[in-house]
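>>> Structure for the following, please:
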Amino acid sequence: MRIGALVLFIFCVKAAAAGDPACAKNPTTLRKGPGSQFPVSWKVSRFMPFLKGEKKNGWVNVQDLEGETHWAQARDLTTSMQCLVVKSPVATLRKEPSTSAATADLRNVDKYTPFKRTEAQGEWYHVEDETGRSAWLHESTIWKPTKFSNVDF
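Next comes the predicted model:
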């Protein structure tokens, strides 16, 4: 057996800056720092998704769909469900996972509308809002936090 050349690749895997996905359990007040004495940065609805980061004194640094960071009380977050949020200016909700399907009762939702994800089918997500209404959303209209790693070579 003849080997003409030996090529060596070295892969270095580094953990991403943000951590695991998490959802707001209930309507939640986010702050600019890890404590209730810090100014409010955003008030979010139930099911708003985030990527969790640093923890400090019962608070968690979270990253939103725009890449901005806030602080949430750890007790207000959960990893027991998957959530997503509308990233496009408007998203059409469907009764079935198809662009040709009839629109759902809720029809359209605006950017920053959060949902709990209940099922996935190809490029479609079956979602539920905080009142329990359900429909299908196409992945091109949503942001869902995903844990990933950077690969350098």
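
>>> any idea how far the one helix or strand A72 maps to is from the chain center?
Assessed by DSSP states H and E, A72 sits inside strand 69-73. Distance of strand 69-73 from the chain centroid (C-alpha atoms, centre = their mean, to the nearest Å) equals 14 Å.

>>> any idea which helix or strand comes after it?
Assigned by DSSP H and E, the successor of strand 69-73 is strand 77-78.

>>> Now do the next helix or strand after that next one, average pLDDT.
Per DSSP H and E, the first helix or strand lying C-terminal to strand 77-78 is strand 82-86. The average pLDDT for strand 82-86 rounds to 97.

>>> now for strand 82-86, which elements pack on it?
Secondary-structure packing of strand 82-86 (3 or more C-beta pairs under 8 Å, 6 or more residues apart in numbering; DSSP states H and E): strand 21-24, strand 49-56, strand 114-121, strand 142-143. Yep, even glycine has a C-beta here, placed from its N, CA and C like the rest.

>>> who wins for proximity to E66 among these?
The closest of the helices and strands packed on strand 82-86 to E66 is strand 142-143. By C-beta to C-beta, the value is 9.0 Å.
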